[in-house]
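Peer 1: What follows is a protein structure lacking sequence information:
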């Protein structure tokens, strides 16, 4: 049964009645779900986006999909203010706000991340699916049985909600004998960014199931968990007549945030091409894996010499029509296909690094072996890409000695990880670094963790010598600044292959009027603060920014080159008790210029500080409060949550310099002044005018999130020990 209209009205009326409440801190906008969650390209639609705080005075909605230009326009449609306040429960569905959405006809289909900016705050991530097909919304009438199934036409993108436990939705359509259908649901893929999706302990995102029944009531096809937690089924209809599609959660769970879109079409559908990667500047014949292809088994993929590296989306032409978008990796390396019959160490395929290896584990318990030459002490890197593209392989990489002894193995890879933080974001794409203990031959093995195989168990393995390099991670999910104020992000450098050079940090795409204090991470250090400042005359606005690092590296030929590495982004999630320790990979980071917030200024007494090893110094900090704000403000020099035993997500002080426990950091009620005491150990890393800032943190009500304010940059110099002894 569909209760959406009733729920919307109850929530909205209740929140309007409580609109006149005391200010309790500026709320970062936690978006929950959208309905309908899909818009057909080339059309306009009205959607309802839910949020835990009001989206009144929204001025900007920003969209992003990697590798795609977005021309999507989305504007607030509400004409009267709607108050939205968190209800204090962990299953808050949020308050709906109407938006008009316009999608260009040439917009690529797929799931787009979106971020909202209002005059007072920016938002978390939500998603919009751009579809090729006409959108049909689930009706208000009961569609909870086969007898009351909602009639639809094909092709279609059916948008619905499993809004309560034991909710089941039924749809009916007319099919024709010989028709080849693809039916896939977008459920987890359009709700995975929700901050707090704990419906019950152990019950989180929708675990969808699709069941198609034929004219005589027989089950024609059924699927659960095809693309991650989203289902997909395909079939060729044997008879004409009326078909019933059943949509439900495998656990019969439900929640108003369980929005979904089911695409139903008879268009040719491609799951993947093999090989999945092609070398830049070449033409490659690929096998096409899918259904309804009209007999197409192979296609030609051509790339230019200046083709951008990375994943690109292409459509293929078949005798039955044009297919959906399929991903192809453009690689700088020579690519080979793993031959069949090389499933033992004795029959291992010789490879010369660097190389891209394309494999297909077609049978259960199948393992692919390769043999390569390695030099003592040299680092080598191996990385699988498969689930990254929606394929099911849970890859394992193993390295064996020439005598057949396993030396090292890797299961899940890590998108973000550091033992000192006690957190990581993991992926089923295996990633392994290996240092050869001696010159000679080594064997590389690739298999599925659960010894599965099949038509979709394809992978691409990048194998290369690990030259000096680096990656950028950090805490830079969002920033909110009023004109004339500062905020701070935190970046971390992961150095590989022996690289220890300086890395110059920058932030691209900042709103007009916002600047970054120049900062370079020196040798011997792997983190820094990124201090953002809004000019006093900066106008309200927002943009999607991107942290990046620049450094000079040494190429394979020994010649230096300038490298740019863009930061990987994660957001904080709270999943069924996991709370602040859960991180989730996303694609966007947002910077918003807002109206004055809870803390209107953070001042420090010293802008230049010099520390000798063993010395301490005090930084007096004074804040200015919005006249309506009396909440707790916590001063800090690192991004922590202030609880004993919780991890630190971001650092800015050089190694050996810490904030003393004698610091006064908690400013309650009307308190305005605190003290940060910095102390340098005897082996503190020497730095020259490293920009740091005093951070003031205000908790967002009913959330583990915070709004972070910062002082103007303080330039810290730490002298070397020998210089200290000469003073």
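Peer 2: Structure's in. What do you need? If you're wondering where the values come from, they're calculated on a predicted model, not measured in any experiment.
Peer 1: Quick check: closest non-adjacent residue to residue 373.
Peer 2: residue 441 (6.1 Å; CB to CB, 6 or more residues apart in numbering). Where C-beta positions appear, they are placed from N, C-alpha and C, glycine not excepted.
Peer 1: Mind listing the residues bridging to residue 494?
Peer 2: Note on residue 494: beta-bridge partners by DSSP bridges are residue 471.
Peer 1: ok, the one residue sitting closest to the centre of the chain - contacts?
Peer 2: Geometric centre of the chain, nearest residue: residue 586, 1.4 Å, by CA atoms, centre = their mean. By CB atoms under 8 Å, 6 or more residues apart in numbering, the contact set of residue 586 is 113, 125, 193, 477, 569-571.
Peer 1: What is the nearest of those residues to residue 398?
Peer 2: residue 570 (28.3 Å; CB to CB).
Peer 1: and whichever helix or strand the closest one is part of, average pLDDT?
Peer 2: Assigned by DSSP states H and E, residue 570 belongs to strand 569-573. Across strand 569-573, pLDDT averages out at 83.
Peer 1: Output the contacting helices and strands for that strand.
Peer 2: Applying 3 or more CB pairs under 8 Å, 6 or more residues apart in numbering; DSSP states H and E, one finds that strand 569-573 makes contact with strand 582-586.
Peer 1: Strand 569-573 and the helix or strand that the strand it packs on is followed by, what's the angle between them?
Peer 2: Using DSSP H and E, the helix or strand that follows strand 582-586 towards the C-terminus is strand 589-593. Interaxial angle of strand 589-593 relative to strand 569-573 (axes from the mean of the first three to the mean of the last three CA atoms, to 10 degrees): 80 degrees.
Peer 1: Break the protein down into its domains, please.
Peer 2: Domain assignment for the chain, taken from automatic domain parsing, gives 1-266, 269-331, 335-466, 470-593, 599-723.
Peer 1: first vs last residue of the fourth one, how far apart are they?
Peer 2: Using CA to CA, to the nearest Å, the end-to-end distance of domain 470-593 comes to 31 Å.
Peer 1: distance of the residue nearest to residue 373 from residue 566?
Peer 2: 36 Å (CB to CB, to the nearest Å).
Peer 1: do the same with residue 515
Peer 2: 19 Å.
Peer 1: Residue 472 now?
Peer 2: Using CB to CB, we find residue 472 at a distance of 7 Å from residue 566.
Peer 1: Mind listing the shared neighbours of the two?
Peer 2: In contact with both residue 472 and residue 566: 547-548, using CB under 8 Å, 6+ apart.
Peer 1: More neighbours: which of the two?
Peer 2: Counted by other CB atoms under 10 Å, residue 472 and residue 566 do not tie: residue 472 has more neighbours, with 22 against 12.
Peer 1: That one - nearest residue in space that isn't next to it in sequence?
Peer 2: Residue 472 sits nearest to residue 567 (CB to CB, 6+ apart), 3.9 Å away.
Peer 1: how much space is there between residue 655 and residue 526?
Peer 2: Separation of residue 655 from residue 526 (CB to CB) stands at 9 Å.
Peer 1: cool, residue 714 as well?
Peer 2: 21 Å.
Peer 1: that older thread, how about the residue nearest to residue 472, what does it touch?
Peer 2: Contacts of residue 567 by CB under 8 Å, 6+ apart are 472-474, 476, 491, 546-549, 589.
Peer 1: Could you tell me the model confidence score at residue 47?
Peer 2: Among the per-residue scores, residue 47 shows a pLDDT of 98.
Peer 1: Provide a list of residue ranges in the stretch 51-200 of the chain with pLDDT below threshold.
Peer 2: Scanning the stretch 51-200 of the chain for pLDDT under 70 picks out 85-91.
Peer 1: quick one, helices of it?
Peer 2: Read by DSSP state H, counting those that start in this stretch, the stretch 51-200 of the chain holds no helices at all.
Peer 1: Neighbours of the spatially closest residue to residue 174 that is not a sequence neighbour, how many?
Peer 2: By the measure of CB to CB, 6+ apart, the closest residue to residue 174 outside its immediate chain neighbours is residue 242, 6.0 Å from it. For residue 242, the neighbour count with other CB under 10 Å is 13.
Peer 1: Which helix or which strand is home to residue 242?
Peer 2: Assigned by DSSP H and E, residue 242 belongs to strand 241-249.
Peer 1: Sheet partners, orientation included, of that strand?
Peer 2: strand 168-175 (antiparallel), strand 208-213 (antiparallel).
Peer 1: Now do the next helix or strand after it: which elements does it pack against?
Peer 2: From strand 241-249 onward toward the C-terminus, using DSSP H and E, the following helix or strand is strand 259-265. Other helices and strands packing on strand 259-265, by 3+ CB pairs under 8 Å, 6+ apart, are strand 31-35, strand 126-131, strand 156-161, strand 180-186, strand 241-249.
Peer 1: What are the contacting residues of strand 259-265?
Peer 2: Applying CB under 8 Å, 6+ apart, the set of residues contacting strand 259-265 is 33-38, 129, 131-133, 135, 152, 154-162, 171, 173, 181-187, 190-191, 206, 208, 210, 245, 247.
Peer 1: same deal with stretch 224-237?
Peer 2: Applying CB under 8 Å, 6+ apart, the contact partners of stretch 224-237 are 175-189, 205-210, 212, 214, 220-223, 243, 250, 269, 291-292, 387, 390.
Peer 1: Would you mind checking those for buried ones?
Peer 2: Among the contacts of stretch 224-237, those scoring as buried are 175, 179-189, 205-210, 212, 214, 220-221, 223, 243, 269, 292, 387, 390 (criterion: 16 or more other CB atoms under 10 Å).
Peer 1: hmm, back to that, output the strands paired with strand 241-249 in a markdown table; the columns should cover distance to residue 60.
Peer 2: Listed next are those as a markdown table, based on distance: least, CB to CB, whole Å:
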| stretch | distance to residue 60 |
| --- | --- |
| strand 168-175 | 34 |
| strand 208-213 | 32 |
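Peer 1: Nearest to residue 296, out of these?
Peer 2: Comparing the strands paired with strand 241-249 by CB to CB, strand 168-175 comes nearest, at 23.0 Å.
Peer 1: where's that closest one relative to the chain centroid, distance-wise?
Peer 2: Computed by CA atoms, centre = their mean, to the nearest Å, the chain-centroid distance of strand 168-175 equals 33 Å.
Peer 1: can you check stretch 211-225 too?
Peer 2: Relative to the centre of its chain, stretch 211-225 is centred 34 Å away, using CA atoms, centre = their mean.
Peer 1: Ok, stretch 278-292 next?
Peer 2: Taking CA atoms, centre = their mean, one finds the center of stretch 278-292 at 28 Å from the center of the full chain.
Peer 1: residues in contact with it?
Peer 2: Contacts with stretch 278-292, where a contact means CB under 8 Å, 6+ apart, come from 180, 182, 234, 266-275, 296-305, 307, 309, 316, 320, 323, 328-335, 356, 455-456, 458.
Peer 1: Show the buried residues in those residues.
Peer 2: Buried members of those, counted by 16+ other CB under 10 Å: 180, 182, 234, 266-275, 296, 299, 301, 303, 316, 323, 328-331, 333, 335, 356, 456, 458.
Peer 1: Just the residues you listed: which are in strands?
Peer 2: Among those, DSSP state E puts 180, 182, 234, 269-274, 299, 301, 328-331, 335, 356, 458 in strands.
Peer 1: any idea of the angle the strand holding residue 570 forms with strand 582-586?
Peer 2: Going by the same axes, to 10 degrees, strand 569-573 makes 140 degrees with strand 582-586.
Peer 1: Kindly confirm whether my reading is correct that residue 510 touches residue 533.
Peer 2: No - applying CB atoms under 8 Å, one finds residue 510 not in contact with residue 533, separated by 10.0 Å.
Peer 1: overlap in contacts of these two?
Peer 2: The contact lists of residue 510 and residue 533 share residue 516, where a contact means CB under 8 Å, 6+ apart.
Peer 1: ok so, going back, could I have the buried ones of the contacts of strand 259-265 as PyMOL selection syntax?
Peer 2: Selection of buried members from these for PyMOL, criterion 16+ other CB under 10 Å:
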select buried, resi 33+34+35+36+37+38+129+131+132+133+135+152+154+155+156+157+158+159+160+161+162+171+173+181+182+183+184+185+186+187+190+191+206+208+210+245+247
